[in-house]
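In: Let me see the structure of the following:
(chains A, B and C)
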Amino acid sequence: MPELPEVETIVRELRPRLTGDRMRSIEALWHRSLCGDPREVNRGIRGRRIMELFRRGKYICLDLEGPRLTIHLRMSGRLLFITSPAEECHIRARLNFHESPGLALVDPRKFGRIRLWHEAEPFLPDLGPDPLDAETVCNVLAGVISRRAVKTVLLDQKVLAGIGNIYADESLFTARVHPLTPAGDLDNNQRVRLAAAVSRVLREAIRRRGTTLSDYRDPDSRNGGFQHQLKVYQCTGRPCPVCGTTISRIVVGQRGTHFCPRCQKK
DNA sequence: CCTTAGTCCTGCATGC
DNA sequence: TGCATGCAGGACTAAG
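Out: Reported below is the predicted structural model:
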């Protein structure tokens, strides 16, 4: 699943190749992959210059001289440059440019969404700050007084934008915090550890170009490398790399959650 | 305020 | 081998 590090990797690949180019069209091959009326979206983007590419949380964002285009890959989405006539399955949409090769949204599960935002409308409202900076994360966590499980809070995009299931579990393990700890009960030490862990894990995952478990690929179809660094995520039944205790799996907020019951005490 | 369940989807694992 | 079932999961919505 593309989370912040995977999306960051994608944006870094797209930026030098698309900045300054112009939009030609967006074709929706699956009607729900493109939000709104496709003809209206195409009127809104045709000929527009891509001023800037950036990431907000898990969103790929294109600044089109005012209006903005966002792409969210959700579960299984990939954004691939269309190079050879290589037949990719599950193409749900195509982005066409004046100069650059097109981009295919390949998305078996059809959850990915492309959306055009008009200049006047609030852009990605309700999205919390990005969690790459430990101090920001610490301040945000200090402001959470809720008794919700800390793992649920980490996954809440209104609180922090970009953390998904993989990096939530890995960060909690690194910080030695139990995923069910009520967020408001974290003491200062735990908060500082968790904030440091979140930013460190995300930065390290970016450095490794993301995690490829099954679906994720960068725009040139290359795998990430962080899957070799995972300590608890999908490691149920294997020994904890720190203490050797068997990694447990529980469900928290309808999400599979992996942790070491010895290192991460409540 | 909060949690839970349902929705969207398909590939894959499981079980008979 | 083949079929049915169920599960995963990010974001959103509705109900309690």
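In: what's the closest residue to DNA strand C within the stretch 151-266 of chain A sitting at in phi/psi?
Out: Relative to DNA strand C, the nearest point of the stretch 151-266 of chain A is A:Gly256 (3.0 Å; CB to the nearest atom of the strand). Just so you know, the C-beta spots here come from the backbone N, C-alpha and C atoms, and that holds for glycine as well. As for A:Gly256, its main-chain torsions (degrees, to the nearest 10) stand at phi -60, psi 130.
In: I figured it hits A:Ser248, correct?
Out: No - A:Gly256 lies out of contact with A:Ser248 (CB atoms under 8 Å); the separation is 11.0 Å.
In: Looking at the two, which one has more neighbours?
Out: Counted by other CB atoms under 10 Å, A:Gly256 and A:Ser248 do not tie: A:Ser248 has more neighbours, with 18 against 13.
In: Roughly how far does the more buried one sit from A:Glu8?
Out: To A:Glu8, A:Ser248 is 30 Å away according to CB to CB, to the nearest Å.
In: Could you report the pLDDT at A:Ser84?
Out: For A:Ser84, the model assigns a pLDDT of 65.
In: Could you give the number of residues near the residue of the stretch 1-150 of chain A found nearest DNA strand B?
Out: For the stretch 1-150 of chain A and DNA strand B, the shortest gap (CB to the nearest atom of the strand) falls at A:Ser146, measuring 2.9 Å. Neighbourhood size, A:Ser146 [other CB under 10 Å]: 14.
In: swap in A:Arg113?
Out: Neighbour count of A:Arg113, defined by other CB under 10 Å: 20.
In: Show me the beta-bridge partners of the residue lying closest to it once chain neighbours are set aside.
Out: In space, and not counting its chain neighbours, A:Arg113 is closest to A:His72: 5.0 Å by CB to CB, 6 or more residues apart in numbering. On the basis of DSSP bridges, A:His72 is bridged to A:Tyr59, A:Arg113.
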